[in-house]
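Engineer: Next come a sequence and a model predicted from it.
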Number of protein chains: 2
Amino acid sequence: MNTDAIINSFKQYLPLGKADSAALAERLIEKRIKRRHFVLQQGDICRHYSFVVQGCLKMYKVDDKGQEHNLQFAIENQWITDIGSFHSELPSELYIEALERSIILQISKDQLIYLYVNHPKFDRNFRVIIENAFVDLQKRVLQNISCTAEERYLYFKEKNPELFNRISNVQIASYIGVTPEFLSKIRRSLASR
Amino acid sequence: MNTDAIINSFKQYLPLGKADSAALAERLIEKRIKRRHFVLQQGDICRHYSFVVQGCLKMYKVDDKGQEHNLQFAIENQWITDIGSFHSELPSELYIEALERSIILQISKDQLIYLYVNHPKFDRNFRVIIENAFVDLQKRVLQNISCTAEERYLYFKEKNPELFNRISNVQIASYIGVTPEFLSKIRRSLASR
DNA sequence: CCAATTTCTTAAACTATATTAAGACGCTTT
DNA sequence: AAAGCGTCTTAATATAGTTTAAGAAATTGG
């Protein structure tokens, strides 16, 4: 199990010392997920935070009509989890599914609390991670209530260049909240300018 | 300055001891805000977390066309701040404005960090507050990309009964992301069933 | 490599929402 | 009482986005 990436990823916040890193490494579980396989399914309790070492995951909800709505993607060095279910220990309404063959590192609630209590840096680090995610999510809400689908598409492309070239337009359409047909129309209109 | 409400509000998470409560109370600033006056204006750095003791505030963005888009409301016992600006110390793009004559308690970044370092319960408490806000925000994104305006309106009403009867329809329309005229249409259609 | 599946696109008809303009109502302020 | 202001509504017209259906191109699984 290679934990370099995850330990490295904390460097941007409060870097971990040797003891912190070791404590973390001991508590991680590595999983390999095939394309189209699930890390979390609706109805299950989300028991882990997952860090993507390699690959790409999506988290989404399926509505009454069976349509999928993408809430979040995660590629290398990003975290993904249903925080609501994780903390409440109630069944999740979401799926987390691999878009590519992926390798993830997971930590359970018990182990995370152990880290919070015994290695205070994790407390701070995870708060910063959530705060950043929160700010991004606020921007997304503002966009959803104030921008056109075309603007949301261009913003997604600009802010996620890596992801943009890695996933299908169907996935992007589901994320920005339009049908694939309409996204196709947007793309044609943009191309012809 | 009455700090009962704010100390009480932490009870639902990790209750504060006497020393914690006193440390917090010492670091709060009380402000009285008149209707239509600002706690934060676009271009200013957001220097405080604000806790509403009494009254009602809204946080919103003004777009290029001068339209307001409501990101968040806060009534009694709720927190409001531009977390992005607060942490980055960069100018905010948002306004926080009083919809009613309000009383708030504010804490600055320095003082908050002091609490985090010397009274670890605040670390945990503020993380939980943000996690809960994060989960609500995710639900709102999911709604925005998957529900009709009518569904968003009904959900808002159900989840915010207090607020619903306290603010104008113009404010609700701006929050759910439709024009006031269209909200009026939705309401007529609902009334006639 | 083949067969199956998914993806992307097009177009026409339809539905949801925005825009513009106008008038009615209730609240404040003078 | 009058004037002004914000709110709510209505309606006509315009635009944004969905639905349905179909076919071609690309990707994937065996």
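Structural biologist: Now that the structure is in, tell me what you want to look at. Numbering: from 1, shown residues only, chains lettered A, B, ... in the order given.
Engineer: May I see the buried residues of the helix ranked longest in chain A?
Structural biologist: Taking DSSP state H as the criterion, chain A has its longest helix at helix A:120-146. Judged by neighbour count (16 or more other CB atoms under 10 Å in any protein chain shown), helix A:120-146 contains these buried residues: A:120-127, A:129-135, A:137-146. (Glycine included, C-beta is placed from N, CA and C.)
Engineer: Report the angle between that helix and helix B:120-146.
Structural biologist: Computed with axes from the mean of the first three to the mean of the last three CA atoms, to 10 degrees, the direction of helix A:120-146 lies at 30 degrees from that of helix B:120-146.
Engineer: so which of the buried residues of helix A:120-146 also contact DNA strand D?
Structural biologist: With respect to DNA strand D, and counting by CB under 7 Å from any atom of the strand, no part of these is in contact.
Engineer: contacts for whichever strand or helix holds residue A:59?
Structural biologist: Following DSSP states H and E, the helix or strand that holds residue A:59 is strand A:57-62. Outside of strand A:57-62, the residues within contact range by CB atoms under 8 Å, 6 or more residues apart in numbering or on different chains are A:33, A:39-40, A:42, A:50, A:68-74, A:80, A:82, A:93-99, A:102, A:104, A:167, A:171, A:174, B:142, B:146.
Engineer: residue ranges of the helices in chain A, please?
Structural biologist: Using DSSP H, helices in chain A cover A:4-9, A:18-26, A:83-88, A:109-118, A:120-146, A:149-159, A:161-164, A:169-176, A:180-191.
Engineer: Please identify which of those helices is closest to residue B:13.
Structural biologist: Residue B:13 lies closest to helix A:83-88 among the helices of chain A, at 11.1 Å (CB to CB).
Engineer: Counting by contacts, list what that closest one packs against.
Structural biologist: Applying 3 or more CB pairs under 8 Å, 6 or more residues apart in numbering or on different chains; DSSP states H and E, we find helix A:83-88 packed against helix B:120-146.
Engineer: Can the helix it packs on be said to contact chain A?
Structural biologist: Yes - Helix B:120-146 comes into contact with chain A when judged by CB under 8 Å from any CB of the partner chain, the residues involved being B:120, B:123-124, B:126-128, B:130-131, B:133-135, B:137-138, B:140-142, B:144-146.
Engineer: In terms of secondary structure, what does that helix contact?
Structural biologist: For helix B:120-146, the contact count by 3+ CB pairs under 8 Å, 6+ apart identifies strand A:68-74, helix A:83-88, helix A:120-146, helix A:169-176, helix B:18-26, helix B:109-118, helix B:149-159 as packing neighbours.
Engineer: any idea of the mean pLDDT in the second one?
Structural biologist: Put plainly, it is helix A:83-88. In this model, helix A:83-88 has a mean pLDDT of 97.
Engineer: Could you pull out the buried residues of it?
Structural biologist: Going by 16+ other CB under 10 Å, helix A:83-88 has these buried residues: A:83-86.
Engineer: now, which of those sits nearest residue B:159?
Structural biologist: Distance ranking of these against residue B:159, using CB to CB, places residue A:84 first at 14.4 Å.
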